[in-house]
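> show me the folded form of this:
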Amino acid sequence: MAQKKDVQVKRVFSVELNSGSDLRNVNLPSESQHLMMEGTIGSLERAEFIEDSVLELVGTRGVLRVDLSPQDLQKQCPKPQDVGDKK
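Model prediction:
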């Protein structure tokens, strides 16, 4: 019997900031711990999918891109319930 492979999708991201002052905090502990990065891309100017595979958030101070398609996002979002639907 063929074994199923546990395939994990790795999501790639990139952040472009206009200035180093837009980066508030970076915590780079040893490799065995979590990495934490905080900053601002400013006010949201645009959010769109690029080539149907990358979510791009453009702000006044930078850009955040995440390897995510509209279909991936739909799979993760709960379906809205009908208004007035009481169970």
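> can you count the residues close to the residue lying closest to Gly39 once chain neighbours are set aside?
Leaving aside its chain neighbours, Gly39 sits nearest to Leu23 (4.3 Å; criterion: CB to CB, 6 or more residues apart in numbering). For the C-beta atoms, the positions are set from N, CA and C on the backbone; glycine is no exception. Around Leu23 there are 14 other residues, counting by other CB atoms under 10 Å.
> quick one, what contacts Leu23?
For Leu23, the contact set (CB atoms under 8 Å, 6 or more residues apart in numbering) comprises 17, 37-39.
> which of the residues you listed are buried? Put it as a PyMOL command.
Of the contacts of Leu23, the buried ones go into a single PyMOL selection, burial set by 16 or more other CB atoms under 10 Å:
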select buried, resi 17+39
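> strands - which of the contacts of Leu23 land there?
Counting by DSSP state E, the contacts of Leu23 place 17, 37-39 in strands.
> let me know the closest of those to Glu56.
When these are compared for distance to Glu56 (CB to CB), Leu17 wins out at 14.6 Å.
> coming back round to it: which among the contacts of Leu23 gets closest to Val58?
Leu17 (12.2 Å).
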